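J.: Below: sequence and its predicted model.
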Amino acid sequence: MMTDPIAYLLTRIRNSGQAQHPALRVPASKVKQNILSILKNEGFITDFEFVTEGPQGHFDIVLKYLPSRASAITGLRRLSKPGCRQYVKSKDIPKVLNGLGIAVVSTSKGLMTDRDARKSKLGGELVCSVW
């Protein structure tokens with residue numbers, strides 16, 4: 001049993017990027033789908049696809065690499081953990097590397113980037129940061 005599926009997703013992406021794998025497969029969930037769509041929109045992954053197989057299904061994720069064969073994702077960090085949740089107001093949402101990275105925030109309007117949450121003046125739970 002997985003205690004933190006979001007941390008599992010981020011760890012799989014981090015390890016696959018460091019090993020220069022072209023793609024990876026993770027079990028599916030709605031939260032993971034929202035995180036992957038944010039990563040795709042921000043240009044950190046190339047694409048992802050939901051595959052119906054078994055009771056849960058899974059996502060096939062295509063990683064993005066720079067022309068120098070380095071991963072587009074330099075780092076990933078899980079911020080709010082099951083044992084220690086981190087909630088912030090909209091004005092207290094941190095900037096990741098002075099705006100070069102993104103923070104994923106879970107708000108009452110769903111998952112969004114730190115920029116969108118600040119613009120909408122919505123606080124929430126800090127899920128992860130990507131740079």
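T.: Yep, that arrived.
J.: Skipping adjacent residues, who's closest to Gly57 in space?
T.: In space, and not counting its chain neighbours, Gly57 is closest to Ala28: 4.3 Å by Cβ to Cβ, 6 or more residues apart in numbering. Heads up, the C-betas are built off the backbone N, CA and C, glycines and all.
J.: burial measure for the one you found, as a count.
T.: 21 (other Cβ atoms under 10 Å).
J.: doesn't Glu53 make contact with it?
T.: No - using Cβ atoms under 8 Å as the test, Ala28 is too far from Glu53 to be in contact (9.4 Å).
J.: joint contacts of these two?
T.: Overlap of the contact sets of Ala28 and Glu53 (by Cβ atoms under 8 Å, 6 or more residues apart in numbering) is empty.
J.: rewinding a little: who are the neighbours in contact with the residue nearest to Gly57?
T.: Phe50, Gln56, Gly57, His58, Phe59.
J.: measure it to Ile93 for me?
T.: 28 Å (Cβ to Cβ, to the nearest Å).
J.: list the buried ones in the lengthiest helix in the chain?
T.: When the chain is parsed with DSSP state H, its longest helix is helix 5-18. By neighbour count on 16 or more other Cβ atoms under 10 Å, the buried set for helix 5-18 is Ile6, Ala7, Leu9, Leu10, Arg12, Ile13, Arg14, Ser16, Gly17.
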